[in-house]
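In: this one's sequence-less:
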């Protein structure tokens, strides 16, 4: 497991906590609450190697603590959604970067299906509408929809959203139906304007 060690700079201001100490304390609290959950998600859902997953978790935690003061959160669930979004962005960025040479067994190759290429939302009006509608959702709703679309189980999603797993099934069905309805309405509107 990779450990990030930061030097503590002693300031002669009379404060008992330097900014580095406060940051490390905040990161420790966030790590205790979310670190292992994020790591499991990266390893089991995205298939990230253990050490690389810890690196991504730490980067995400530091970035979340750095950016936290710029936002206000109504609840712990809102903060969890904020942290999860940063984490998923870090995961995506790590997968876009230069790939390391990995050794994969033949059995591993058979189990992996090729990833479909993701079309750009700029070229596809349906994807653009979908992104707009996803941005309008609350963070826990977005986490639920995106996680279920990747096959994440409800108990794991529950740990990120703060909602009971048995209720997430109902929420998911309702959200999916509502999103489909809105998208169909907007697509019909855009087709009618094009005529």
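Out: Arrived safely. Please read all numbers here as calculations on a predicted model, not as lab measurements.
In: tell me where this protein has helices.
Out: With helices called from DSSP state H, the chain shows them at 19-30, 36-46, 50-68, 76-96, 106-111, 125-136, 139-149, 154-161, 165-194.
In: which stretch in those helices is the model least sure about?
Out: In terms of average pLDDT, helix 106-111 trails the rest of the helices of the chain, at a mean of 48.
In: where do the domain boundaries of the protein fall?
Out: Per the record, the chain has its domains at 17-97, 122-195, by automatic domain parsing.
In: so of these, which one's packed in deepest?
Out: Mean neighbour count (mean count of other C-beta atoms under 10 Å) peaks for domain 17-97 among the domains of the chain, with a mean of 16. Using the backbone N, CA and C atoms, a C-beta is placed for each residue, glycine as well.
In: how much space is there between residue 169 and residue 153?
Out: 11 Å (C-beta to C-beta, to the nearest Å).
In: got it, and residue 29?
Out: Remark: distance between residue 29 and residue 153 (C-beta to C-beta) = 27 Å.
In: now do residue 85
Out: Distance, residue 85 to residue 153, using C-beta to C-beta: 20 Å.
In: then residue 32?
Out: 23 Å.
In: got it, and residue 171?
Out: Residue 171 is 15 Å from residue 153, where distance means C-beta to C-beta.
In: equivalent analysis for residue 57, please.
Out: Look at residue 57 and residue 153: by C-beta to C-beta, they are 20 Å apart.
In: tell me which residues touch residue 26, please.
Out: Under the criterion of C-beta atoms under 8 Å, 6 or more residues apart in numbering, the neighbours of residue 26 are 65, 68.
In: please read the previous query as pertaining to residue 140.
Out: Contacts of residue 140 by C-beta under 8 Å, 6+ apart are 77, 80, 81, 160, 161, 162, 163.
In: name the nearest residue to it, ignoring sequence neighbours.
Out: Leaving aside its chain neighbours, residue 140 sits nearest to residue 161 (4.1 Å; criterion: C-beta to C-beta, 6 or more residues apart in numbering).
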